[in-house]
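Q: Any chance you could fold what I've pasted below:
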Amino acid sequence: MNSLISLEKVNYKIANQHILHDIDWQIPAGAHITLTGPSGGGKSTLLQIIAAMISKTSGTLIFDGQPIE
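A: Below is the predicted model of the structure:
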């Protein structure tokens, strides 16, 4: 099954602090996803990267077959 959203080795770093480290995630079209975790775990940061509200430090983000920078 093809993924609508694909993250490969996505990182987000501020100064010397890694917020996200090597995130790999495939989200198929039509999927219903629940993202849970502790406060400060990077959930909002990950969603902001997927929504292109902030830029990832490194890695690949693909939406519907097109790379997002």
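Q: low-confidence ranges in the chain?
A: Low-confidence segments of the chain, defined by pLDDT under 70, span residues 1.
Q: secondary structure class for the residue nearest the centre of it?
A: In the chain, the centroid-proximal residue (Cα atoms, centre = their mean) is Leu46; its distance is 4.5 Å. Three-state call for Leu46 (DSSP: H, G, I helix; E, B strand; the rest coil): helix.
Q: For the residue lying closest to it once chain neighbours are set aside, the count of nearby residues, please.
A: In this structure, Leu46 finds its nearest non-sequential neighbour in Leu20, 6.1 Å apart by Cβ to Cβ, 6 or more residues apart in numbering. For glycine as for every other residue, the C-beta is placed from the backbone atoms N, C-alpha and C. Counted with other Cβ atoms under 10 Å, residues neighbouring Leu20 total 19.
Q: got the contact list for the helix or strand hosting Leu20?
A: Assigned by DSSP states H and E, Leu20 belongs to strand 17-28. Here strand 17-28 makes contact (Cβ atoms under 8 Å, 6 or more residues apart in numbering) with 1-13, 33, 42, 45-46, 49, 56, 59.
Q: Show me which of those residues are buried.
A: Buried members of these, counted by 16 or more other Cβ atoms under 10 Å: 3, 5-7, 10, 12, 42, 45-46, 49, 56, 59.
Q: OK, contacts around Ala31?
A: Taking Cβ under 8 Å, 6+ apart, we find Ala31 in contact with Leu4.
Q: just to revisit the earlier point, what residues of the strand holding Leu20 count as buried?
A: 19-20, 23.
Q: cool, stretch 41-57 as well?
A: Buried residues in stretch 41-57 (16+ other Cβ under 10 Å): 42, 45-46, 49-50, 56.
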